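S.K.: Sequence plus the predicted model coming up.
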Amino acid sequence: MVYFFTPKNLFAMRSKNNGSAEKQKTGALRKFFVDQLRDIYYVEKQMIRSLPEMREAATTEELQDALDEHLKQTERQVKRLEKVFELMEESSEGKRCEAMDGLVKETREIIAETPKGSMTRDAALIIAAQKVEHYEIGTYGGLVALALTMNMRRAAELLDKTLEEEERTDRNLTDIAERYINMEAEEEPSQPQEQQSETKKPGRRTKQIEVEEIETLPA
């Protein structure tokens, strides 16, 4: 049977694991936990690289502002992860995540294949951003539960703060899309990108971002 807990319920849980400090340092669960920390650390670092490209390609000021804010948020989240590594006396280093590499590649393809200055591009960029958000939400939710299981309450608090931020970002992106972007995108004609007007619309960016090889962080 699978149990689902809210962050509030998780923090109210009493850990049944009273193993020794030595077990916590060498156990298989701890090793897996550190491995997942390095995975999400890599993801956040890649987001810091990807978000400026997405922001530059976005059409509406509202989405540009949301991506700007998420970049600042992501930089803070990286610092929290580094604090968790410090608490665990582990080096803060990323582990290459092929899922994230694929999402970055897909985002760059979206930018190359959607008309610049269009609502269709913004709708597609929001979906691309939310795919990453959902990966992060799943990872942080699991890490919070594992940290509590291992009696690492301070680490759990730090990770839970990031989890809440990711959930808010996901909701905000949905609100932006549903407010008007999706509806206006549905009304846009389908035509080749080179036939789109080069006239810059108020509050919109039209600079084309070319597809390029993914820059990856050392594992």
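M.R.: That came in fine, so what should we check first?
S.K.: pLDDT below threshold where in this protein?
M.R.: In the prediction, the chain carries residues with pLDDT under 70 at positions 1-26, 191-219.
S.K.: Mind jotting down where the helices sit in it?
M.R.: Taking DSSP state H, the helices of the chain run over residues 7-12, 21-26, 28-57, 61-87, 98-113, 119-149, 153-176, 182-187.
S.K.: Buried deepest among these, which one?
M.R.: helix 119-149 (a mean of 21; mean count of other C-beta atoms under 10 Å). Bear in mind the C-beta positions are built from the backbone N, C-alpha and C, glycine included.
S.K.: elements contacting that helix?
M.R.: On a contact count with 3 or more C-beta pairs under 8 Å, 6 or more residues apart in numbering; DSSP states H and E, helix 119-149 meets helix 7-12, helix 28-57, helix 61-87, helix 98-113, helix 153-176, helix 182-187.
S.K.: Now those in TSV, please, with extra columns for distance to Met119.
M.R.: What follows is these, written out as TSV (distance: least, C-beta to C-beta, whole Å):
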stretch	distance to Met119
helix 7-12	35
helix 28-57	13
helix 61-87	10
helix 98-113	13
helix 153-176	11
helix 182-187	4
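S.K.: Compare those and give me the one nearest Leu125.
M.R.: Taking C-beta to C-beta, helix 28-57 is the member of these nearest to Leu125, at 5.6 Å.
S.K.: Give me the angle between that closest one and helix 153-176.
M.R.: 30 degrees (axes from the mean of the first three to the mean of the last three C-alpha atoms, to 10 degrees).
S.K.: Point out the other helices and strands that helix 28-57 packs with.
M.R.: Right, helix 28-57 is packed against helix 61-87, helix 98-113, helix 119-149 by 3+ C-beta pairs under 8 Å, 6+ apart.
S.K.: could you redo the last one with a cut-off of 10 Å?
M.R.: On a contact count with 3 or more C-beta pairs under 10 Å, 6 or more residues apart in numbering; DSSP states H and E, helix 28-57 meets helix 21-26, helix 61-87, helix 98-113, helix 119-149, helix 153-176.
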